[in-house]
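Enquirer: the following comprises the amino acid sequence and a computationally predicted model.
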Amino acid sequence: MSRFDFPTFVDIDGTLTDNPEYRLGKPLMRRIDKVRLMIRNGEPVVIWSAGGTEYAKEFCRKHALNPMAVLGKPFRVVDDHIAIFNDGVEVSPPEFLD
């Protein structure tokens, strides 16, 4: 399996904007451009936000992002292999996008 078999989930506020507070941040275009390039290169990307699905969709439209999915950040994850999430790669926004 390759990294293209699994999506990268990218948060909006505090990751693609300069403020983690809902709707208060200014877009960080360098990071948005990197995510746009990932999508263009065929990487599966999911954009999500605690601000909800409609907010995430609005952000994607405004910034010409066309990810495989857009959703609100989940409240709970239920999976028979929860260890998959513990073994996943967690990366801070500056480590990954800067």
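Expert: Everything's here; your move.
Enquirer: now the helices: where do they sit in this protein?
Expert: 29-40, 53-62, 83-86, 93-97 (DSSP state H).
Enquirer: so which of those helices gets nearest residue 12?
Expert: Residue 12 sits nearest to helix 53-62 of all those, at 5.3 Å, using Cβ to Cβ. Just so you know, the C-beta spots here come from the backbone N, C-alpha and C atoms, and that holds for glycine as well.
Enquirer: quick check: residue 73 touching residue 11?
Expert: Yes - counting by Cβ atoms under 8 Å, residue 11 is a contact partner of residue 73 at 7.1 Å.
Enquirer: identify the contacts common to these two.
Expert: Common contact partners of residue 73 and residue 11 (Cβ atoms under 8 Å, 6 or more residues apart in numbering): 48-50.
Enquirer: highest neighbour count among these?
Expert: Comparing those by number of neighbours (other Cβ atoms under 10 Å), residue 49 comes first, having 27 neighbours.
Enquirer: test my guess that that one contacts residue 73.
Expert: Yes - counting by Cβ under 8 Å, residue 49 touches residue 73, with 6.0 Å between them.
Enquirer: touching both of the two, which residues are there?
Expert: With Cβ under 8 Å, 6+ apart, residue 49 and residue 73 have common neighbours residue 11.
Enquirer: which of the shared contacts of residue 73 and residue 11 fall within strands?
Expert: Those of these mapping onto strands are 48-49, per DSSP state E.
Enquirer: lowest average confidence, helix or strand, in this structure?
Expert: helix 83-86 (a mean of 60; mean pLDDT, DSSP states H and E).
Enquirer: model confidence for the residue located most distally from the centre of the chain, exactly?
Expert: Most distant residue from the mean C-alpha position of the chain: residue 80, 23.4 Å away (Cα atoms, centre = their mean). pLDDT for residue 80: 71.
Enquirer: return the distance of it relative to residue 44.
Expert: 22 Å (Cβ to Cβ, to the nearest Å).
Enquirer: buried ones in stretch 52-69, by neighbour count?
Expert: Across stretch 52-69, burial judged by 16 or more other Cβ atoms under 10 Å covers 55-60, 63, 65, 67.
Enquirer: stretch 10-27 now?
Expert: Neighbour-count burial for stretch 10-27, with 16+ other Cβ under 10 Å as criterion, is recorded at 10-17, 25.
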